[in-house]
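1. Here's my sequence, what's the structure:
(one chain, ligands or ions: 1)
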Amino acid sequence: MRYQIDVPATTANLGPGFDCLGLALDWWNRIVVERAAEWKIQVRGLSENIPADKTNMTVEHMELFFKRIGKPLPPARVVMTNRIPIGRGLGSSAAALVGGLLAGNALAGEPLSRFELLELANEFEGHPDNVSAALFGGFTVSTFQGARVTSASVEPPRAWRAVLFIHDHALSTKFARQVLPKKIPRADAVHNIGRAALLTFAFLTENPDLLEVGTQDRLHQPYREHLVAGMPELLAAARAAGAGGAALSGAGPSLLALTASSRIATRVRDALRETARARQVNGSVHIVKLSAEGARVTPM
Ligand code: HSE
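-> I've put the predicted structure just below:
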């Protein structure tokens, strides 16, 4: 049996929800996998520096999956088509990881539920924000205690759009985590708790008026600003052009603006292009729909 696995790009944090909030985007990687007599691994699309062998992150996670269920990984033919920009804060690693676990699960006859896969993914990734949105779709809130992950998701408003400014260069999440302080003032924690809750309400009640305050952050963005060219100017330009809210996407460097309609998204896109040009920041701007759906596994 052959399986087609589609995994969405995701944006995490959305400002205040550091390591907890995620959102699935309508932008997909595809993996086609089937048992075979011998290994054959192909990487298509965005394939620069992506190994087409067993050190490939997706294949590594197929292997980890089989190890976890106590069986040897059978040889397989795996064809990956990567469309999610790599190392930009749009969940490309989470997609590779989730894709690998889902491919393993499919080949093994689906012994694990999505919640069990989420816990496994969190064990490997260390934070459940992107993986949860990639598995379940929509706007997700996830938190964990030890190995146990609690996660809830809600369908995002259909008319809302994400406008993404994607820098031409990558930023390692590991490095972007090293610049964060170990301790934070209580006032900053209170600032973020209120805003993360407000942002959740914005999605639940489909109220874009809550996005402006709901995407503000004091836990990570101020410490990462120096790593991201043009960050304050681009965020300010997006808000001035009508975005409900704007934030660093995951650990960056991409920036996310949320708009209440595609008409406003066009204005925000133009403003981001103009500001990037004026500030000589190299990157591209994309308007993307939000995805109510998480990863899909389709037997072929
Ligand atoms: N929440 C992570 C971070 C990135 O900001 O470092 C996405 O998992």
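2. Would you map the helices across this protein?
-> 57-68, 92-107, 114-125, 129-136, 173-178, 186-204, 211-214, 221-224, 231-240, 262-279 (DSSP state H).
3. Report all helices and strands that the fourth one contacts.
-> Using 3 or more C-beta pairs under 8 Å, 6 or more residues apart in numbering; DSSP states H and E, the elements in contact with helix 129-136 are strand 2-13, strand 17-35, helix 92-107, helix 114-125, strand 139-145, strand 148-154. C-beta: built from backbone N, CA, C; applies to glycine.
4. so it versus strand 139-145, what angle?
-> 120 degrees (axes from the mean of the first three to the mean of the last three C-alpha atoms, to 10 degrees).
5. any idea of the mean pLDDT in helix 129-136?
-> Helix 129-136 shows an average pLDDT of 97 in the prediction.
6. which residues are contacting that helix?
-> 7-8, 10-13, 17, 19-24, 91, 93-95, 97-98, 114, 117-118, 121-122, 125, 139-140, 142, 149, 151, 153, 250, 294-295 (C-beta atoms under 8 Å, 6 or more residues apart in numbering).
7. just stretch 79-89 next, same as before
-> 9, 11-12, 27-33, 41-50, 56, 58, 90-92, 95, 99, 166-167, 170-173, 248-254.
8. May I ask which helix or strand of this structure has the lowest mean pLDDT?
-> helix 114-125 (a mean of 92; mean pLDDT, DSSP states H and E).
9. Nearest residue to the residue in the stretch 101-250 of the chain that the ligand sits nearest to in space, please, no chain neighbours.
-> For the stretch 101-250 of the chain and the ligand, the shortest gap (C-beta to the nearest ligand atom) falls at Gly250, measuring 4.0 Å. Excluding the flanking residues, the one nearest Gly250 by C-beta to C-beta, 6 or more residues apart in numbering is Gly89, at 3.7 Å.
10. From Leu73, how far out is that neighbour?
-> Distance, Gly89 to Leu73, using C-beta to C-beta, to the nearest Å: 30 Å.
11. Those two: which has the busier surroundings?
-> Gly89 (29 against 17; other C-beta atoms under 10 Å).
12. who in the stretch 151-300 of the chain is up against the ligand?
-> Neighbours of the ligand within the stretch 151-300 of the chain, by C-beta under 6 Å from any ligand atom: 173, 176-177, 220, 250-251.
13. repeat that for 5 Å
-> Residues of the stretch 151-300 of the chain lying near the ligand by C-beta under 5 Å from any ligand atom: 177, 250-251.
14. hmm, which of those are the buried ones?
-> 250-251 (16 or more other C-beta atoms under 10 Å).
15. Tell me the one of the residues of the stretch 151-300 of the chain next to the ligand nearest Ala265?
-> Within these, proximity to Ala265 (C-beta to C-beta) peaks at Gly250, which comes in at 19.9 Å.
16. What separation do you get for Val179 and Leu234?
-> Distance from Val179 to Leu234, by C-beta to C-beta: 19 Å.
17. same thing with Phe203?
-> 23 Å.
18. For these two, indicate the residue with more neighbours.
-> A direct count of neighbours by other C-beta under 10 Å for Phe203 and Leu234 places Phe203 higher, at 27 against 24.
19. List the beta-bridge partners for the closest residue to the more buried one other than its chain neighbours.
-> In space, and not counting its chain neighbours, Phe203 is closest to Phe139: 4.3 Å by C-beta to C-beta, 6+ apart. Judged by DSSP bridges, the bridge partners of Phe139 are Leu23, Val154.
20. count of residues packed around Phe139?
-> There are 26 residues near Phe139, going by other C-beta under 10 Å.
21. Offset the numbering so it begins at 26, please.
-> Fine by me, first position is 26 from now on; the one you just mentioned is Phe164.
22. who are the neighbours in contact with it?
-> Contacts for Phe164 were tallied using C-beta under 8 Å, 6+ apart; they are 46-48, 158, 178-181, 225, 228, 315.
23. for the helices and strands packed on helix 154-161, which one ends up most surrounded?
-> Compared across these, helix 117-132 shows the largest average neighbour count, a mean of 26 (mean count of other C-beta atoms under 10 Å).
24. how much does that one deviate in direction from strand 27-38?
-> Using the same axes, to 10 degrees: helix 117-132 against strand 27-38 is 150 degrees.
25. by contact count, what packs against helix 117-132?
-> Going by 3+ C-beta pairs under 8 Å, 6+ apart, helix 117-132 lies up against strand 27-38, strand 42-60, helix 82-93, strand 101-107, helix 139-150, helix 154-161, strand 321-324.
26. just checking, what packs against the second one?
-> What that stands for is strand 42-60. strand 27-38, strand 101-107, helix 117-132, helix 154-161, strand 164-170, helix 211-229, strand 308-314.
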